[in-house]
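Engineer: could you work out the structure for the sequence below:
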Amino acid sequence: MAVLILGGPLGLLWHWLAPSVPVLDAGSNGIVVNDPSPEEYIAADGWYTLLALGFGLVVAVVAWQVMRKDRGPFLLLGVVLGTFGAGYLVGPWIGGLVGRGGYHHWQETAVQGATYLAPPQVHSVGPRLVAAFAAAIVLTLLAGWSNDPDLDAPGAKPGHGANQLSEI
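Structural biologist: Predicted coordinates:
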């Protein structure tokens, strides 16, 4: 649940970094993009992808360190579900809410020829999935690269303590 809530700051940071889209009130044609080839759409998805990648990485490393006693498949499942919810649902939703009220008000009151900077949106599914993929990969690699035979006990060495090999 804590990871899910962290999707809010992820969305706010994305909204702050992603470029706004210049739009124009074209009268009877409605609201149109004020650029023949707008790159702001791709830039918004790109910013979200990079931020989600970092978010997934940080969540996985922190979960690995903090949840030492609960390491295993349930930790992996919890982290992946949390980052999926934060990256797919919460982050884009919160980031899209910022500035949305002002944009809707402008749409209702704009006269033909008026311009505005529409708030960014995540348009693709891929960037929304990056946080969960990154968290799953990083957490799995941390478990695979751990030299502790017992992940609950930090610093355990193979052949010592409960893992000691019996002599024949």
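Engineer: buried set for the least confident helix or strand in the chain by mean pLDDT?
Structural biologist: None of the helices or strands of the chain scores lower by mean pLDDT, DSSP states H and E than strand 31-33, at a mean of 86. Neighbour counts using 16 or more other Cβ atoms under 10 Å place Ile31 of strand 31-33 among the buried residues. For every residue, glycine as well, the C-beta is placed using N, CA and C.
Engineer: that strand pairs with which strands, and in what direction?
Structural biologist: strand 21-25 (antiparallel) (DSSP bridges).
Engineer: in the partner strand, what counts as buried?
Structural biologist: Buried, per 16+ other Cβ under 10 Å, within strand 21-25: Val21, Val23, Leu24, Asp25.
Engineer: pick the one among those residues closest to His123.
Structural biologist: Val21 (10.5 Å; Cβ to Cβ).
Engineer: how about the contacts made by that closest one?
Structural biologist: Counting by Cβ atoms under 8 Å, 6 or more residues apart in numbering, Val21 touches Val33, Pro38, Glu40, Tyr41, Ala44, Leu117, Ala118, Pro119, Pro120.
Engineer: check whether Leu117 sits in a helix, strand or coil.
Structural biologist: strand (DSSP: H, G, I helix; E, B strand; the rest coil).
Engineer: is it true that it touches Pro22?
Structural biologist: Yes: taking Cβ atoms under 8 Å as the definition, Leu117 is a contact partner of Pro22 at 5.9 Å.
Engineer: residue ranges with poor pLDDT in the protein?
Structural biologist: By pLDDT under 70, the low-scoring segments of the chain are 147-168.
Engineer: ok, back up a step: TSV for the buried residues of strand 21-25, including distance to Leu53?
Structural biologist: Converted to TSV, the buried residues of strand 21-25 look like this (distance: Cβ to Cβ, whole Å):
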residue	distance to Leu53
Val21	23
Val23	29
Leu24	34
Asp25	36
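Engineer: quick one: which of these is nearest Val80?
Structural biologist: Of those, the one sitting nearest to Val80 (Cβ to Cβ) turns out to be Val21, at 31.7 Å.
Engineer: what distance do you get for that closest one to Tyr103?
Structural biologist: Val21 sits 10 Å away from Tyr103, taking Cβ to Cβ, to the nearest Å as the criterion.
Engineer: cool, and Val138?
Structural biologist: Relative to Tyr103, and taking Cβ to Cβ, Val138 is found at 36 Å.
Engineer: so between these two, which is more surrounded?
Structural biologist: Val138 (20 against 17; other Cβ atoms under 10 Å).
Engineer: so what does the helix or strand harbouring Tyr103 touch, helix or strand wise?
Structural biologist: Here Tyr103 is covered by helix 100-109, with elements defined by DSSP states H and E. If you count contacts as 3 or more Cβ pairs under 8 Å, 6 or more residues apart in numbering; DSSP states H and E, helix 100-109 packs onto strand 115-118.
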